[in-house]
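Engineer: just coords:
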């Protein structure tokens, strides 16, 4: 498989994940912070990944209840209404098998065990950037 | 021609100083890498969002800390937001004060919180002025 990660890190902005609609990766951004939403959206868009944004865990669950499915979910932890742990648990209980990557400001040393146990496939400490997103995406490709 | 070279150097030196003095960290570089022909104003847009959001949060913080019985969970929630935003755009010094601020919230230490509020306002104003200068010069 082509090393897309290496191309991105070398500054190749022409890289696209999925050249046509059929194979285009779809991602859901779940974060209550406007600046993070803008950042995560742009990171995904620059990689040709279709994305949808919601502001908390409840909205993430609702969008799945409405029938939408995503290849990747970027899940924040601390959010109002419903946090990332609850949302991840609920999505897994619903049978959602999408790659869920926890994205939070907590370091890997701090207590994120509960978050992992809720059903994460990956975790990256904020702030998110290209190298971290590429690392997450490698999990998505392998699970397909 | 020499004049333009000199201007470019001044701009580059100014930009470098913001990193050297810790106002900005690598995350700001990451933002600049996201800017391209299809998204030419990304950095200015995200930074503007940061300014708007921060000003709102600083006002909320001042109000919350002015109450008879301070709701420290509310204060902490606002500081958490500010910490997140500043971290996402690379405003390192603002982020650092937020970390100290959250510790004082946990201790429910009013004096500590008020000091941090002053400090975070100060650091925010500094980085705002510097970023505005940077954008003006780069245009």
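Structural biologist: Alright, I've got the coordinates. Remember, it's a predicted structure, so these values are computed and weren't measured experimentally.
Engineer: Identify the residue nearest the geometric centre of chain A.
Structural biologist: With distances taken as C-alpha atoms, centre = their mean, residue A:74 lies nearest the centre of chain A, 2.2 Å away.
Engineer: so where's chain A uncertain?
Structural biologist: A:1-23, A:141-144 (pLDDT under 70).
Engineer: how much space is there between residue A:77 and residue A:87?
Structural biologist: Applying C-beta to C-beta, to the nearest Å, the value for residue A:77 to residue A:87 is 10 Å. C-beta: built from backbone N, CA, C; applies to glycine.
Engineer: quick one, which of the two is more surrounded?
Structural biologist: Neighbour tally, residue A:77 and residue A:87, criterion other C-beta atoms under 10 Å in any protein chain shown: the higher count belongs to residue A:87, 28 against 23.
Engineer: got a pLDDT number for residue B:10?
Structural biologist: With respect to pLDDT, residue B:10 scores 88.
Engineer: Just give me the neighbour total for the closest residue to it other than its chain neighbours.
Structural biologist: Spatially, and ignoring its direct neighbours in sequence, residue B:10 is nearest to residue B:137 (7.9 Å; C-beta to C-beta, 6 or more residues apart in numbering or on different chains). Neighbourhood size, residue B:137 [other C-beta under 10 Å]: 12.
Engineer: Now name the helix or strand holding residue A:101.
Structural biologist: Assessed by DSSP states H and E, residue A:101 sits inside strand A:99-104.
Engineer: Buried residues of the helix or strand that comes right after that strand, list them for me.
Structural biologist: Later in the chain than strand A:99-104, the nearest helix or strand by DSSP H and E is helix A:113-117. Neighbour counts over helix A:113-117 (16 or more other C-beta atoms under 10 Å in any protein chain shown) mark residue A:115 as buried.
Engineer: so how far is residue A:58 from the nearest residue to residue A:96 once chain neighbours are set aside?
Structural biologist: Of all residues beyond its chain neighbours, the one nearest residue A:96 is residue A:64 (6.0 Å), with distances taken as C-beta to C-beta, 6+ apart. According to C-beta to C-beta, residue A:64 and residue A:58 sit 11 Å apart.
Engineer: repeat for residue A:128
Structural biologist: For residue A:128, the distance to residue A:58 (C-beta to C-beta) stands at 22 Å.
Engineer: the more surrounded of the two?
Structural biologist: residue A:128 (23 against 18).
Engineer: Angles on the backbone of that one, please.
Structural biologist: Dihedral pair for residue A:128: phi -80, psi 150, per degrees, to the nearest 10.
Engineer: can you check residue A:134 too?
Structural biologist: Main-chain torsions, residue A:134, degrees, to the nearest 10: phi -60, psi -40.
Engineer: try residue A:51
Structural biologist: phi -140, psi 150.
Engineer: Count the neighbours of it for me.
Structural biologist: Should you count by other C-beta under 10 Å, residue A:51 turns out to have 20 residues around it.
Engineer: ok, it - contacts?
Structural biologist: A:26, A:27, A:28, A:29, A:40, A:41, A:44, A:45 (C-beta atoms under 8 Å, 6 or more residues apart in numbering or on different chains).
Engineer: I'd like those laid out as JSON lines, including secondary structure, distance to chain B and neighbour count.
Structural biologist: JSON lines is the format used below for the contacts of residue A:51 (DSSP: H, G, I helix; E, B strand; the rest coil; distance: C-beta to the nearest C-beta, whole Å; neighbours: other C-beta atoms under 10 Å in any protein chain shown):
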{"residue": "A:26", "secondary structure": "strand", "distance to chain B": "19", "neighbour count": "17"}
{"residue": "A:27", "secondary structure": "strand", "distance to chain B": "16", "neighbour count": "28"}
{"residue": "A:28", "secondary structure": "strand", "distance to chain B": "18", "neighbour count": "24"}
{"residue": "A:29", "secondary structure": "strand", "distance to chain B": "13", "neighbour count": "26"}
{"residue": "A:40", "secondary structure": "helix", "distance to chain B": "9", "neighbour count": "25"}
{"residue": "A:41", "secondary structure": "helix", "distance to chain B": "10", "neighbour count": "18"}
{"residue": "A:44", "secondary structure": "helix", "distance to chain B": "11", "neighbour count": "25"}
{"residue": "A:45", "secondary structure": "helix", "distance to chain B": "8", "neighbour count": "15"}
